[in-house]
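Enquirer: Generate a structure from the sequence data that follows.
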Amino acid sequence: PTARLIYQLGKNSAISRSKRTYRTLHSMAISNNRFNVVPFYDWFATYHDDLDYGDTAISGAFSAIGRYGRMSDAQQTEFIVKTLSYQVVYMYALEELYRSLTECQSGDDGEEVVGNKKDAISYWEKGVAYLIGSIEGHERGGSPTSDGVLFINLANERCTEFDTCKFDGTAFILDNFYKAFEDGAKFIQANDCNSLEVTIFELAHLLLFPVIQSVIRFAVINQNVTYGDDVYVKSKKVAEAEVYANAILPFLNFYDQSVAKTVKTNMVMDIKVDPVKDGPQFVVDALTRVVNNFFVRCDALGYNDNVAICHPDVHISAQNSAHSSAAMVRSASILTLCFSCLGVFGFSFVTSWF
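Expert: Have a look, this model is predicted:
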């Protein structure tokens, strides 16, 4: 009950202490500004057939209703914690980045508007702060991998498992993150809103790189689990598999519906269906068919003793990857915390800018 109240009412990130109003994770999960995150919010809402897909999962797990009522406490916890980390905070950070883009474009009539630039930088920094979290500290590479609950920590955890760490023990992919963070600020200063838009699009994909690795990891871990056995009923690992999958399924569905179907069938908990029923290699082969859309080389996913992650026939160069996805940006119609110590089941969401 305490954790749910913190989710709904907040605790340490005050909007007004005199009025006792706080920023909350719940408000992030149902923010109306998500509609401006084009096209990504629409991908998630459409795939899950639910405008408040994140809040639905979190509230369901808190209440133990429906399918969540069949889960163990550990599994419910995974749905709450990781849905917050990799869907709710992810989308809320993108909101801030797209607000930065809006401010950039509002001064894009040939005249430099100082106020717009200042606001654009402010929104950009907020978005980056939400993605990093203050637990990671201010050092490049972040804090030790035992700390943090967001994307930098996840990348560092996975790099040790997939042999994708640099000599300093941090993930190679973090260089891509940092470059995007820095490029966005540079493009705002230069009033280059088109490049800023492309950078946001790329970053939204790059952030999910360690999530893809996580899906592979849990496809391997859960390959021998049987529906109804003790591991399935109690272990958090089958729940982790689904939550990581849910964070990328809308992207997979957009790029290749057959890949999304394969991942959902094997990674989402279902009544009377064994996890990873087609085997981990089948899941990996599906993912490698679309990984080029995430602005990484296929072989950047790394190495695992139990599966062949990249076959020669699906090896994609980074140059071709960037070209294909950047072309999609132009054609996709461009259609128009500090939750300092905000404890939910023993973790903290914090951002460094409050």
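Enquirer: what about the closest residue in space to residue 21 that isn't next to it in sequence, is that helix, strand or coil?
Expert: Residue nearest to residue 21 in three dimensions, not counting chain neighbours: residue 15, with 4.5 Å by C-beta to C-beta, 6 or more residues apart in numbering. Every C-beta, even on glycine, is put in place using the N, C-alpha and C of the backbone. With DSSP: H, G, I helix; E, B strand; the rest coil as the basis, residue 15 sits in strand.
Enquirer: Could you check how far residue 15 is from residue 221?
Expert: From residue 15 across to residue 221, the span is 41 Å (C-beta to C-beta, to the nearest Å).
Enquirer: Pull the distance from stretch 119-132 to the chain's centre.
Expert: Mean C-alpha position of stretch 119-132 versus that of the full chain (C-alpha atoms, centre = their mean, to the nearest Å) differs by 16 Å.
Enquirer: got the CA positions of that stretch in PDB?
Expert: Extracted C-alpha coordinates of stretch 119-132, given in PDB (Å, rounded to 0.1, in the frame of the first residue of the first chain):
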ATOM      1  CA  ASP A 119      13.500  26.900 -23.100                       C
ATOM      2  CA  ALA A 120      14.600  24.300 -25.700                       C
ATOM      3  CA  ILE A 121      17.900  23.700 -23.800                       C
ATOM      4  CA  SER A 122      16.000  23.500 -20.500                       C
ATOM      5  CA  TYR A 123      13.600  20.800 -21.900                       C
ATOM      6  CA  TRP A 124      16.500  18.900 -23.500                       C
ATOM      7  CA  GLU A 125      18.400  18.800 -20.200                       C
ATOM      8  CA  LYS A 126      15.300  17.600 -18.300                       C
ATOM      9  CA  GLY A 127      14.800  14.800 -20.800                       C
ATOM     10  CA  VAL A 128      18.400  13.700 -20.600                       C
ATOM     11  CA  ALA A 129      18.200  13.900 -16.800                       C
ATOM     12  CA  TYR A 130      15.200  11.600 -16.700                       C
ATOM     13  CA  LEU A 131      17.000   9.100 -18.900                       C
ATOM     14  CA  ILE A 132      20.100   9.100 -16.700                       C
END
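Enquirer: Now do the contacts for the residue nearest the centre of the chain.
Expert: Residue closest to the mean C-alpha point of the chain, counted by C-alpha atoms, centre = their mean, is residue 86 at 3.7 Å. Counting by C-beta atoms under 8 Å, 6 or more residues apart in numbering, residue 86 makes contact with 151, 154, 211, 243-244, 247.
Enquirer: want to throw the residues you listed into TSV with secondary structure and neighbour count?
Expert: Listed next are the contacts of residue 86 as TSV, based on DSSP: H, G, I helix; E, B strand; the rest coil; neighbours: other C-beta atoms under 10 Å:
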residue	secondary structure	neighbour count
151	helix	28
154	helix	24
211	helix	25
243	helix	28
244	helix	27
247	helix	23
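Enquirer: where does the stretch 101-250 of the chain have low pLDDT?
Expert: 107-115, 137-147 (pLDDT under 70).
Enquirer: still on that earlier bit, looking at residue 15 and residue 221, which is more packed in?
Expert: For the pair residue 15 and residue 221, the greater number of neighbours falls to residue 221 (19 against 12), based on other C-beta atoms under 10 Å.
Enquirer: Determine the number of other residues adjacent to the closest residue to that one other than its chain neighbours.
Expert: Nearest-residue entry for residue 221: residue 237, 5.5 Å, with adjacent residues in sequence omitted and distances by C-beta to C-beta, 6+ apart. Counted by other C-beta under 10 Å, the residues lying close to residue 237 total 18.
Enquirer: Restricting to C-alpha, output the helix or strand encompassing residue 237 in PDB.
Expert: Counting by DSSP states H and E, the element that carries residue 237 is helix 236-255. The C-alpha trace of helix 236-255 is given here as PDB (Å, rounded to 0.1, in the frame of the first residue of the first chain):
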ATOM      1  CA  LYS A 236      10.600 -13.200 -11.300                       C
ATOM      2  CA  LYS A 237      12.500 -14.300 -14.400                       C
ATOM      3  CA  VAL A 238       9.500 -15.100 -16.500                       C
ATOM      4  CA  ALA A 239       8.000 -11.700 -15.500                       C
ATOM      5  CA  GLU A 240      11.200  -9.900 -16.400                       C
ATOM      6  CA  ALA A 241      11.100 -11.500 -19.800                       C
ATOM      7  CA  GLU A 242       7.700 -10.200 -20.500                       C
ATOM      8  CA  VAL A 243       8.300  -6.700 -19.200                       C
ATOM      9  CA  TYR A 244      11.500  -6.300 -21.300                       C
ATOM     10  CA  ALA A 245       9.600  -7.600 -24.300                       C
ATOM     11  CA  ASN A 246       6.700  -5.200 -23.800                       C
ATOM     12  CA  ALA A 247       9.200  -2.300 -23.900                       C
ATOM     13  CA  ILE A 248      10.200  -3.100 -27.500                       C
ATOM     14  CA  LEU A 249       7.200  -4.900 -28.900                       C
ATOM     15  CA  PRO A 250       5.600  -1.700 -30.300                       C
ATOM     16  CA  PHE A 251       8.800  -1.000 -32.200                       C
ATOM     17  CA  LEU A 252       9.100  -4.600 -33.500                       C
ATOM     18  CA  ASN A 253       5.400  -4.500 -34.500                       C
ATOM     19  CA  PHE A 254       6.000  -1.300 -36.600                       C
ATOM     20  CA  TYR A 255       9.100  -2.700 -38.400                       C
END
